[in-house]
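Novice: Quick one: sequence and predicted model below, then my questions.
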Amino acid sequence: MKRVTHWLTIWSFFLTLSSGLNHALAVDAPQQAGLVAQLSIEGGIGPATQDYIERGIQKAEAQQAEFIILKMDTPGGLDSAMRAIIKNIANANTPIVTYVSPSGARAASAGTYILYASHIAAMAPGTNLGAATPVQIGGFSPPDIKPNPASRPNSTSDDVSETDALKQAELDQAMQDPSKRKAINDAVAYIQGLAQLRGRNTEWAEKAVRQAASLSADEALAQNVIDLIATSRADLLAQLNGRSVTLHQQVRQLNTLNLQVVEIAPDWRSRLLSVITHPNIAYILLVIGIYGLILEFFNPGAFLPGILGAISLLLAVYAFQLMPVSYVGMALIILGIGLIIAEAFEPSFGLLGLGGLVAFVIGSVMLIDTDAPGYGIDLSVILSFTLLSFIALVMIVWFALKSSQQKIVSGLEALVGSEGRVIDDFDHKGLVLMHGEHWQAMTNVPLKKLQQVKVIGLKNLVLQVEPLEDNDRKTEDVS
């Protein structure tokens, strides 16, 4: 009994010592650095950007990030993608700090809405935001607003009033169209709601939509459009320390000391979606898909052109459903390729092909609505495929001309001039053996069995023949 008590005493002593050491190490060990996640928006805002931001916010929240820095440099993008990103920001459980950076970057069009929706809006010196007028797919563009003379030196009040009157007249004219008026009013209400939610300037928000107004970083800070100007990410973190934000009706104070910034890059799905929905790639997939299926129809059983064409065409259709597409442009591309193919079946010495080439070029230029920021097709891509189509057209015309000058070697017409043998004696109509086949034949002279004959004509699948020996004899008499 005493031995058991002795061992229990020793064991208790070691447990107490171990607990004390663990506590001391926990007190003396440095606190683990918090996490700040950084996402980046560069270029046009589309479905790929939407997918990346949504997944990035979820990943940052799973890693228990203190807040998220959304670094942005964008000319704008699609309204549907923009609204989806704003929903993700509004419903996020982590504060979102949008930072327009580096110098020379912009938050135009859709970027202005995202900046207004963020919990904290920051800009680097030399950046700008604004021009948030909605652009309607199909050709509607914001009114042509001329520069305000008040922003130029030596301007007069008369110049200012004249320009303001011109602006108002242009806006009134644009607002007469019900569809334009509906789109603009909806955008104004949307951005004003975001401004009220974050306590920012609602009057300028309306100007950004109705008048396509823009501001530099300094002007935006002075007019309460943004919260701060930061020269770098380190400066941004320093200015955010101790700042309070409202997140789901709860005030949270940011602590940026000893924070580790982790950049969240797009995953493979977002990268793939970004590649497919790029206007240039979608255009290339469309052309490859159409040509691939055409080659498969010309050569049934080749498989590779058909498989490649079908996959490319399906990917192109998927991409075009997510982009502002001009269906007239797509129809012109299909018409142009159809005319080029028709040139191969009905040779017109290039007339159909040239018409198809013109339709192809015009349709390519019109395919993607270039008024949507970041969604134009590079002219070099269009010219490259136009050149390939032109080469294909020249080859088609060349082969057509070459084949028209060659002797016919197949079909019924190829029998004319051929030699055969008489099967049985006949005087007017009988059978001859021609190319291993029995043919009905007519002659003006009697023919003997196994006699050599020559085809001189064809009518209703009946051969017109004459003795080969007579032809040779006539030739000798003439000579």
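Specialist: That came through fine.
Novice: what comes up buried for the helix or strand hosting I184?
Specialist: Using DSSP states H and E, I184 maps to helix 178-198. For helix 178-198, a neighbour-count test (16 or more other Cβ atoms under 10 Å) marks 180, 183-184, 187-188, 190-192, 194-195, 198 as buried. Any C-beta I mention is one placed from the backbone N, CA and C, and that applies to glycine too.
Novice: packing partners for the helix or strand that comes right after that helix?
Specialist: Under the assignment DSSP H and E, the closest C-terminal helix or strand after helix 178-198 is helix 202-210. Applying 3 or more Cβ pairs under 8 Å, 6 or more residues apart in numbering; DSSP states H and E, we find helix 202-210 packed against helix 178-198.
Novice: quick one on the thing from earlier: how about a markdown table for the buried residues of helix 178-198, with distance to M123 and pLDDT added?
Specialist: What follows is the buried residues of helix 178-198, written out as a markdown table (distance: Cβ to Cβ, whole Å; pLDDT from 0 to 100):
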| residue | distance to M123 | pLDDT |
| --- | --- | --- |
| K180 | 30 | 79 |
| A183 | 27 | 85 |
| I184 | 25 | 90 |
| A187 | 22 | 93 |
| V188 | 23 | 94 |
| Y190 | 21 | 95 |
| I191 | 17 | 95 |
| Q192 | 21 | 95 |
| L194 | 17 | 95 |
| A195 | 16 | 95 |
| R198 | 15 | 93 |
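Novice: Could you dump those residues into TSV and include distance to L228?
Specialist: Shown next, in TSV, are the buried residues of helix 178-198 (distance: Cβ to Cβ, whole Å):
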residue	distance to L228
K180	36
A183	32
I184	30
A187	26
V188	26
Y190	24
I191	20
Q192	22
L194	18
A195	17
R198	13
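Novice: residue ranges of the strands in the stretch 101-250 of the chain, please?
Specialist: With DSSP state E, counting those that start in this stretch applied, the stretch 101-250 of the chain shows strands at 106-108, 120-123, 128-130, 214-216, 228-229, 244-247, 250-253, listed in chain order.
Novice: circling back to that earlier point, what sits up against the helix holding I184?
Specialist: Outside helix 178-198, the residues that touch it by Cβ atoms under 8 Å, 6 or more residues apart in numbering are 83, 86, 90, 112-113, 116-119, 121, 132-134, 136, 140, 174-175, 200-202, 205-206, 208-210.
Novice: just how off-centre is that helix within its chain?
Specialist: 27 Å (Cα atoms, centre = their mean, to the nearest Å).
Novice: how far off helix 202-210 does it point, in degrees?
Specialist: 150 degrees (axes from the mean of the first three to the mean of the last three Cα atoms, to 10 degrees).
Novice: residue contacts, R233?
Specialist: Applying Cβ under 8 Å, 6+ apart to R233 gives the contacts 38, 69, 99, 101, 261.
Novice: from those residues, which two are the most distant?
Specialist: S101 and V261 (13.2 Å; Cβ to Cβ).
Novice: who's more crowded, these two?
Specialist: Shown here are S101 and V261; by other Cβ atoms under 10 Å, S101 has more neighbours (23 against 15).
Novice: is it true that the more buried one touches K71?
Specialist: Yes: between S101 and K71 there is a contact under Cβ atoms under 8 Å: 5.6 Å.
Novice: so what's A65 up against?
Specialist: By Cβ under 8 Å, 6+ apart, the neighbours of A65 are 34-37, 94, 262.
Novice: Kindly recompute the last result at 6 Å.
Specialist: Contacts were defined as Cβ atoms under 6 Å, 6 or more residues apart in numbering; by that measure A65 touches 35, 37, 94.
Novice: Likewise for S364?
Specialist: With Cβ under 6 Å, 6+ apart, S364 has these contacts: I382.
Novice: In three-state terms, how would it be classified?
Specialist: Following DSSP: H, G, I helix; E, B strand; the rest coil, S364 is assigned to helix.
Novice: per-residue confidence at it?
Specialist: Here, the pLDDT recorded for S364 equals 84.
Novice: count of residues packed around the spatially closest residue to L257 that is not a sequence neighbour?
Specialist: Once flanking residues are discounted, L257 sits nearest to N241: 6.4 Å by Cβ to Cβ, 6 or more residues apart in numbering. Look at N241: counted by other Cβ under 10 Å, it has 12 neighbours.
Novice: ditto for E343
Specialist: 24.
Novice: Then A344?
Specialist: Neighbours around A344, by other Cβ under 10 Å: 18.
Novice: who touches it in this structure?
Specialist: Contact partners of A344, counting by Cβ under 6 Å, 6+ apart, are I396.
Novice: Could you measure from it over to V287?
Specialist: 17 Å (Cβ to Cβ, to the nearest Å).
Novice: now do L314
Specialist: For L314, the distance to V287 - Cβ to Cβ - is 14 Å.
Novice: and the two? which has more neighbours close in?
Specialist: V287 (21 against 12).
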